[in-house]
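Asker: sequence first, then the predicted structure:
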Amino acid sequence: MTFESMWADLAPVGRVASGGYVRHPWTSATGELEAWFTEAAVARGLSVERDAFGNLLATTAGADGDRVLVGSHLDSVIEGGAYDGPLGVVSAFAALDVLRDRGVALNRPIAVAAFQAEEGSRFGPACLGSRLATGSLSWESARELADRDGVRLGDLVEGGDSGILRDVGCFVELHVEQGRGLVDLEAPVGVASGIWPHGRWRFEFAGSADHAGTTRMEDRHDPMLSYAVTALAANKQARLADQRATFGRVEAVPNGTNAVPSRVTGWLDARASTEPALEHLVGVISSQARDRAGRDGTTLAVTPESVTPAVTFDEGLAARIGRGRPVLPTQAGHDAGILQTAGIPTAMLFVRNPTGVSHSPDEQASTGDCLAGVEALADALQELAS
């Protein structure tokens with residue numbers, strides 16, 4: 001199986017009319033992807049294991065010692081692109097094929113990973129599978145998470161002890177770049193220095209439901225107004241600070257065209273270059289939201305759903321696999337950040353994205369750059385495992 005043939009096998013899975021993908025965890029689409037993962041692993045003589053949360057590992061035979069972990073995730077955001085996640089998994093299998101063709105003898109086992117629920121598109125917290133595997137999120141807390149239809153995570157998986165990261169000595173994740181850094185540097189492959197601190201906060205505005213026609217404007221307690229002004233304030237504050245703030249999801253109750261809503265909930269995604277900058281950004285947005293709610297006669301509750309501190313990847317590991325490639329930070333979260341924070345030496349390789357667009361059907365990477373990424377990953381695995 002070549003990189004191109006594996007990529008073609010995955011292309012139709014979870015694809016929707018827009019050309020984007022809906023690959024939510026614990027659905028038929030990801031089930032099909034996981035079956036493909038198992039088939040690809042078995043075809044290469046790898047042993048496959050699944051932990052209590054659905055994380056998958058496929059390990060080479062014939063070598064002892066700490067495992068070199070490589071891979072990414074298979075799920076997507078709503079209407080996402082093809083490359084975010086699956087590129088790292090397909091490239092991991094393709095890199096093993098390159099090592100085989102080179103005749104490389106492995107002195108350490110290599111394990112290909114497909115982490116579950118990285119995007120947080122169904123149950124909220126991002127990198128859910130890797131957080132549970134590392135123990136940075138407890139099963140007691142995670143089991144009560146519910147999706148938009150009220151399905152609890154505990155209804156889908158039994159949970160318990162993962163154990164899947166035992167004997168892992170280091171982790172290398174290849175990922176499509178989610179920006180234009182490598183375009184500007186005119187390089188097909190780069191190395192990550194670290195991840196900006198980031199998180200998700202739930203803003204719940206409560207007011208009074210009323211009739212859209214008969215209620216005078218001055219008599220309303222409209223939480224939609226409080227939310228709308230907050231979304232504008234977030235945009236302004238992020239631009240002033242050269243940081244990132246996005247309200248990308250909103251829910252209104254009762255969600256009627258001819259009704260003033262009683263409650264509006266918006267989810268803030270905020271990212272900043274430093275942890276103090278992130279704390280300040282969210283603090284200013286929250287303060288302005290409360291001020292506006294006070295003027296509108298509404299109330300506000302702000303709840304952090306997941307907050308990830310700044311991550312600096314292992315410099316020694318990056319130097320070993322970097323081979324003179326450009327080094328750049330990323331504002332996007334990854335399973336690699338969770339493992340590095342948990343004490344597993346971790347590095348990331350990025351493949352150039354010609355448009356810089358991600359989390360969208362327009363996400364791209366050329367076949368030539370993808371193959372360059374496979375070669376770079378094979379070089380890294382040969383350095384680390386032979």
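Answerer: Sure, I can see it.
Asker: torsion angles phi and psi at the residue of the chain most remote from its centre?
Answerer: Distance from the C-alpha centroid of the chain, by Cα atoms, centre = their mean, peaks at Thr214 (45.2 Å). Main-chain dihedrals, Thr214, degrees, to the nearest 10: phi -90, psi -20.
Asker: then Arg108?
Answerer: phi -130, psi 140.
Asker: what do you get for Arg180?
Answerer: With angles defined as degrees, to the nearest 10, Arg180 sits at phi -110, psi 20.
Asker: and for it, the neighbour number?
Answerer: Residues near Arg180, counting by other Cβ atoms under 10 Å, number 14. All C-beta atoms are positioned from the backbone trio N, CA, C, and that covers glycine.
Asker: how about the contacts made by the nearest residue to it once chain neighbours are set aside?
Answerer: Spatial nearest neighbour of Arg180, excluding adjacent residues (Cβ to Cβ, 6 or more residues apart in numbering): Gly356 at 3.5 Å. Shown in contact with Gly356 (Cβ atoms under 8 Å, 6 or more residues apart in numbering): 177-180, 183.
Asker: what is the nearest of these to Leu56?
Answerer: Gln178 (23.2 Å; Cβ to Cβ).
Asker: returning to what we had before: buried subset of the contacts of Gly356?
Answerer: The neighbour count (16 or more other Cβ atoms under 10 Å) marks 177-179 as buried among these.
Asker: mind putting these into JSON lines with distance to Arg108 and pLDDT?
Answerer: Output for these, formatted as JSON lines (distance: Cβ to Cβ, whole Å; pLDDT from 0 to 100):
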{"residue": "Glu177", "distance to Arg108": "28", "pLDDT": "98"}
{"residue": "Gln178", "distance to Arg108": "30", "pLDDT": "97"}
{"residue": "Gly179", "distance to Arg108": "33", "pLDDT": "94"}
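Asker: would you reformat the residues you listed as TSV and include distance to Ser287 and secondary structure?
Answerer: Shown next, in TSV, are the buried ones among the contacts of Gly356 (distance: Cβ to Cβ, whole Å; DSSP: H, G, I helix; E, B strand; the rest coil):
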residue	distance to Ser287	secondary structure
Glu177	34	coil
Gln178	30	coil
Gly179	30	coil
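Asker: distance of Asp335 from Phe115?
Answerer: In this view, Asp335 and Phe115 are 5 Å apart by Cβ to Cβ, to the nearest Å.
Asker: what residues are shared contacts of these two?
Answerer: 72-73, 127, 129-130.
Asker: including secondary structure and pLDDT, could those go into JSON lines?
Answerer: Formatted as JSON lines, those follow (DSSP: H, G, I helix; E, B strand; the rest coil; pLDDT from 0 to 100):
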{"residue": "Ser72", "secondary structure": "strand", "pLDDT": "98"}
{"residue": "His73", "secondary structure": "strand", "pLDDT": "98"}
{"residue": "Cys127", "secondary structure": "coil", "pLDDT": "96"}
{"residue": "Gly129", "secondary structure": "helix", "pLDDT": "97"}
{"residue": "Ser130", "secondary structure": "helix", "pLDDT": "97"}
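Asker: tell me where the stretch 51-200 of the chain has helices.
Answerer: In the stretch 51-200 of the chain, the helices defined using DSSP state H, counting those that start in this stretch lie at 86-102, 128-134, 139-142, 181-185.
Asker: so of those, which one's packed in deepest?
Answerer: helix 128-134 (a mean of 27; mean count of other Cβ atoms under 10 Å).
Asker: chain center to it: distance?
Answerer: Per Cα atoms, centre = their mean, to the nearest Å, the displacement of helix 128-134 from the mean C-alpha position of its chain is 12 Å.
Asker: could you find the closest non-adjacent residue to Leu137?
Answerer: Arg131 (3.8 Å).
Asker: Asp9 too?
Answerer: Trp36 (6.2 Å).
Asker: so the one you found sits in a helix?
Answerer: Yes - in this structure, Trp36 lies within a helix as judged by DSSP: H, G, I helix; E, B strand; the rest coil.
Asker: from Leu56, how far off is it?
Answerer: Plainly put, Trp36 is 11 Å away from Leu56 if you go by Cβ to Cβ.
Asker: please apply the same query to Val253.
Answerer: 38 Å.
Asker: okay, these two: which has more neighbours?
Answerer: Just comparing Val253 and Leu56: by other Cβ under 10 Å the higher neighbour count belongs to Leu56, 25 against 14.
Asker: what sits against the more buried one?
Answerer: Here Leu56 is in contact with 34, 37-38, 48-50, 113-114, 116 (Cβ under 8 Å, 6+ apart).
Asker: next, count neighbours for the spatially closest residue to it that is not a sequence neighbour.
Answerer: Among residues not flanking Leu56 along the chain, Ala114 sits closest, at 4.3 Å (Cβ to Cβ, 6+ apart). Using other Cβ under 10 Å, Ala114 is surrounded by 30 other residues.
Asker: pairing partners for Ala114 in the sheet, please.
Answerer: Per DSSP bridges, the residues bridged to Ala114 are Leu56, Ser72.
Asker: report pLDDT for it.
Answerer: Model confidence at Ala114, given as pLDDT, is 98.
Asker: and it, what does it touch?
Answerer: Counting by Cβ under 8 Å, 6+ apart, Ala114 has contacts 33-34, 37, 55-56, 71-74, 89.
Asker: quick check: of those, which lies closest to Thr298?
Answerer: His73 (37.8 Å).
Asker: you'd agree that closest one is up against Ala133?
Answerer: No - look at His73 against Ala133 with Cβ atoms under 8 Å: they stay out of range, at 12.0 Å.
Asker: touching both of these two, which residues are there?
Answerer: With Cβ under 8 Å, 6+ apart as the test, His73 and Ala133 both reach Phe115.
Asker: not counting sequence-adjacent ones, nearest residue to Ile321?
Answerer: Computed as Cβ to Cβ, 6+ apart, the closest residue to Ile321 that is not its neighbour in sequence is Ala380, at 3.8 Å.
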